[in-house]
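# here is the input, now give the coordinates:
(one chain, ligands or ions: 2)
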Amino acid sequence: MRGAVSAHFSTLVRKFSRFTGKCLAIAPHLGFPVRGGADKCAEMTDRPTEIVKFDNVGLRYGTDPEVLSDLSFTLFPGSFYFLTGASGAGKTSLLKLLYLAQRPSRGSIRMFGKDMITSPRTRLPDFRRRLGVVFQNFRLVPHLSAFDNVALPLRLSGTDEAKVLKAVSDMLEWVGLSHRAQAIPETLSGGEQQRVAIARAVIARPQILIADEPTGNVDPDMALKLLRLFEALNNRVGTTVIVATHDVHLLKKVPDSLIMRLQKGRLSDPTGALRYPPQPSAAKASAKAPISKKGGV
Ligand SMILES: Nc1ncnc2c1ncn2[C@@H]1O[C@H](COP(=O)(O)OP(=O)(O)OP(=O)(O)O)[C@@H](O)[C@H]1O
Ligand SMILES: [Mg+2]
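Ligands and ions are numbered 1, 2, ... in the order given. As a prediction, the model looks like this:
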């Protein structure tokens with residue numbers, strides 16, 4: 001009898017996790033699902049409890065000193081992460097490791113339950129297709145229109161053209177660019193290019209969305225709207241989201257998110273327990289700009 005109940009419970013958890021895409025476990029004594037419960041998830045579902053696992057990862061460019069050191073952390077499926085840190089702290093470098101554009105100099109990286117260091121290079125395109133990436137410098141295809149840039153991931157995955165038309169039109173409308181659908185990137189403003197880049201990253205509902213300063217070029221209202229797009233992907237599709245940002249206001253807009261903070265290439269809080277990053281110190285804020293009154297810079 002106990003076995004039958006346990007099996008039924010296990011099926012329920014599995015169904016629930018598949019439905020939400022989140023790593024959830026049901027607390028029997030509470031009678032409702034709770035976030036986390038990773039061990040329970042591992043035990044009772046066939047989904048991996050982690051989608052990304054870094055172990056003692058370091059990165060150096062050429063023979064320069066390490067720009068990332070001793071990174072050990074786990075990202076759980078269906079969670080929402082912000083990555084913060086000063087300019088030059090290593091946010092883009094960390095994201096490059098995540099979107100498989102860069103190999104670490106040391107340590108191990110597992111994604112989707114596979115070792116990314118030892119996986120053959122021929123497997124990488126398959127892993128990359130599961131990622132949606134918003135690059136800090138957008139990287140739109142210059143000779144393609146806004147529409148065709150956004151359509152790219154769907155067309156690469158062989159989606160029916162009628163579905164592409166509907167999905168891309170809806171997405172362009174959401175990001176406020178229906179009227180610029182046929183424009184090529186060089187004729188778009190920085191903020192418009194950024195919105196195209198975001199639309200392209202989310203259109204195919206990736207398993208992991210990696211966004212590098214995705215709202216750096218848009219006004220606060222549009223930043224919030226784009227953040228809602230990420231949240232919808234996270235909540236409805238179960239996409240794991242990681243957003244690098246300087247914008248401390250943005251962090252407060254996603255109450256369920258976890259915050260990772262890089263300081264000179266090291267994670268100051270790998271667990272995400274630090275909910276809000278420290279404010280800039282008064283001394284730094286009031287420091288004088290190196291501009292002389294008489295001429296010069
Ligand atoms: N290709 C490269 N070759 C050499 N050094 C690099 C390279 N890319 C980045 N760096 C160095 O690595 C460090 C981390 O850079 P990174 O771009 O990851 O920082 P960041 O936190 O994203 O900064 P920002 O907020 O300004 O975008 C910096 O000191 C940078 O100069
Ligand atoms: Mg950067």
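# so where is the stretch 151-297 of the chain shaky, pLDDT-wise?
Along the stretch 151-297 of the chain, segments meeting pLDDT under 70 span 269-297.
# do that again at 50, thanks
275-285, 295-297 (pLDDT under 50).
# break the protein down into its domains, please.
With domains defined by automatic domain parsing, the chain comprises 2-44, 52-276.
# distance to ligand 1 and mean neighbour count for the ones you listed - can I get that in TSV?
For glycine as for every other residue, the C-beta is placed from the backbone atoms N, C-alpha and C. Formatted as TSV, the domains of the chain follow (distance: least, C-beta to the nearest ligand atom, whole Å; neighbours: other C-beta atoms under 10 Å):
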stretch	distance to ligand 1	mean neighbour count
domain 2-44	28	14
domain 52-276	3	18
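# what's the closest of those domains to ligand 2?
With C-beta to the ion, the closest approach to ligand 2 among the domains of the chain belongs to domain 52-276: 3.2 Å.
# does the closest one reach ligand 2?
Yes. Judged by C-beta under 5 Å from the ion, domain 52-276 comes into contact with ligand 2 at K91, T92, Q136.
# which of those residues fall in helices?
K91, T92 (DSSP state H).
# helix/strand/coil for A199?
Using DSSP: H, G, I helix; E, B strand; the rest coil, the structure places A199 in helix.
# pretty sure it contacts V150?
Yes. With contact defined as C-beta atoms under 8 Å, A199 and V150 form a contacting pair (4.5 Å).
# which stretches in the stretch 151-297 of the chain count as helices?
In the stretch 151-297 of the chain, the segments counted as helices under DSSP state H, counting those that start in this stretch are 161-174, 190-202, 220-232, 248-251, 282-285.
# thinking again about what came up before, so what sits against both of A199 and V150?
Listed as contacting both A199 and V150 by C-beta atoms under 8 Å, 6 or more residues apart in numbering are V168, M171, L172.
# any idea which of these is the one closest to V248?
Within the shared contacts of A199 and V150, proximity to V248 (C-beta to C-beta) peaks at M171, which comes in at 28.0 Å.
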